[in-house]
Structure formats: C-alpha cells, structure tokens
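> predicted model and sequence below, questions to follow.
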Amino acid sequence: MFELITLPYAPDALAPVISAETIAFHHGKHLRTYVNNLNAAIAGTQYDGKSLEEIVCTAEGGIFNNAGQILNHNMYFLQFHGPRENNKPIGRIAELINAQYGSFDAFKEEFAAKGAGLFGSGWVWLSYDKNAEKLVITQEGNAGNPVTRGLKPVLTFDVWEHAYYIDYRNARPAYINAIWQIINWDEVNERIR
Ligand code: MN
C-alpha cells in the first residue's frame, strides 16, 4: 500500500509562486487519486510490495502511469521551500551546473525551453548520469521518469496544466520562470548522492 506523502511545509508556504488552492487540488486531489488508483490496481499482483521505482521500470499501462505519477509528484513536492529572492543553486549542484552550462542563467534558459516546448502533458527533468558524471535535461511525456533510462533524477518541473492553471492560467512559461524561487537546492544536492 502506498500512502499520500505529507508535505513538509504549510499549504500556503509556497505562495504566491504556488497557491494554497493549487496545493489543495494538486496534492490533495490529483496525487491522492494516483495513490488510490495504484493501490487498487496492484492489489494481489506481482507489483504488490514493490517500490515505485521497481514498478515504473517494469510495468506498463495503468500501473505504470499511476506509479510514475506518484514517483514524479513525490519528487516534485519534496523539492520546494518558501519563496526566496535570488534563490540559486549551492554546493555540488552549483558546481555541476556552472561546469556544464556556464552559468545558472544559461542552465535555466535551456531547462525552461525544454519545459515550454514539451507538447501536451509531461515533465521536464534534470538528472545526473553517474557513468558520464554529467547532468542531463530531458522531457518526459505523461508519467515518464528518467529512471527508466538509467538516470538519477534530481529536479523536476511538472508541466501538466493542472500544475499551473489555477495560478497562471495558460501561461506555462510564467509558471516555469516563477518556481526557481522555491527550489530547495539542499534537497537537490541530497539526490545527487
Ligand atoms: Mn501534477
């Protein structure tokens, strides 16, 4: 049985970047539905008792979609803190970004372009490729997660409309531009290890 994650911040803590109303729908309704659907779908199957990563790397169809959406949303919601002016990468992730993209601004530009350019519903990801010792930005449609490509995901922006429509209406680029203020770079560094 999977459980809906508890957010490590108050529902209004990310406002005005992400409103309490968006949190109520996105975490309280969308994510809860994926959890309920997955639990119902895996009961009594070979997937019962497996981790989300194991399910995502082996399942197809509805089980893959619901497990992927839980894995993706858990990473998404746990990477935030309240808005901070001039919020920037620190430590290891800052070193990797600067070495590979030249600057945080250049990195943000590439990441934002991949997010804005993803057609339909999906996710833009920053992952660490341990073998190449490099960062990689990928687009994943629907419930996709880079773990299925052998990558280690460290940062993700949900670009499904339900992630931004209440606060930004159709302006996906404005949403992408705003959420840099709430990224918890300590958490991103934890995920590189
Ligand atoms: Mn979502």
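Yep, that arrived.
> tell me which residue in the protein sits closest to the ion.
Distance from the ion to each residue of the chain (C-beta to the ion) is smallest for Asp158, at 4.2 Å. From N, CA and C alone the C-beta is placed, and that goes for glycine too.
> so who does that residue touch?
When contacts are counted by C-beta atoms under 8 Å, 6 or more residues apart in numbering, Asp158 touches 26, 72-73, 76, 123.
> how about Tyr164?
When contacts are counted by C-beta under 8 Å, 6+ apart, Tyr164 touches 22, 171-172, 175.
> now tell me what touches stretch 177-193 from outside.
Outside of stretch 177-193, the residues that reach it under the criterion C-beta under 8 Å, 6+ apart are 14, 17-18, 75, 78-85, 87-94, 96, 108, 112, 126, 128, 152-155, 157, 168.
> redo that, cut-off 6 Å
For stretch 177-193, contacts defined as C-beta atoms under 6 Å, 6 or more residues apart in numbering pick out 14, 17, 79-81, 83, 87, 89-93, 128, 154-155.
> what about it, average pLDDT?
Stretch 177-193 carries an average pLDDT of 97.
> mind listing what's buried in it?
With burial defined by 16 or more other C-beta atoms under 10 Å, the residues of stretch 177-193 counted as buried are 177-185, 187-189, 191-192.
> please tabulate these in CSV, including the columns secondary structure and distance to the ion.
Compiled in CSV, the buried residues of stretch 177-193 are given as follows (DSSP: H, G, I helix; E, B strand; the rest coil; distance: C-beta to the ion, whole Å):
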residue, secondary structure, distance to the ion
Asn177, helix, 18
Ala178, helix, 16
Ile179, helix, 13
Trp180, helix, 18
Gln181, helix, 19
Ile182, helix, 15
Ile183, strand, 16
Asn184, coil, 18
Trp185, helix, 22
Glu187, helix, 18
Val188, helix, 19
Asn189, helix, 24
Arg191, helix, 19
Ile192, helix, 24
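> by contact count, what packs against the top helix by length along the chain?
Scanning the chain for the longest helix, with DSSP state H as the assignment, gives helix 61-77. Contacting helix 61-77 under the criterion 3 or more C-beta pairs under 6 Å, 6 or more residues apart in numbering; DSSP states H and E are the following elements: helix 32-42, helix 52-58, strand 152-158.
> so what's the gap between that helix and the chain middle?
Here the centre of mass of C-alpha atoms in helix 61-77, compared against the chain's by C-alpha atoms, centre = their mean, to the nearest Å, lies 10 Å away.
> buried sites along it?
Residues 63-77 are the ones in helix 61-77 that count as buried (16+ other C-beta under 10 Å).
> sorry, back to before: got a quick PyMOL command for the buried subset of the contacts of Tyr164?
Selecting just the buried residues from the contacts of Tyr164 in PyMOL takes one command, with 16+ other C-beta under 10 Å as the test:
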select buried, resi 22+172+175
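> any idea how far the residue of the chain closest to the ion is from Glu140?
Asp158 sits 11 Å away from Glu140 when distances are taken as C-beta to C-beta, to the nearest Å.
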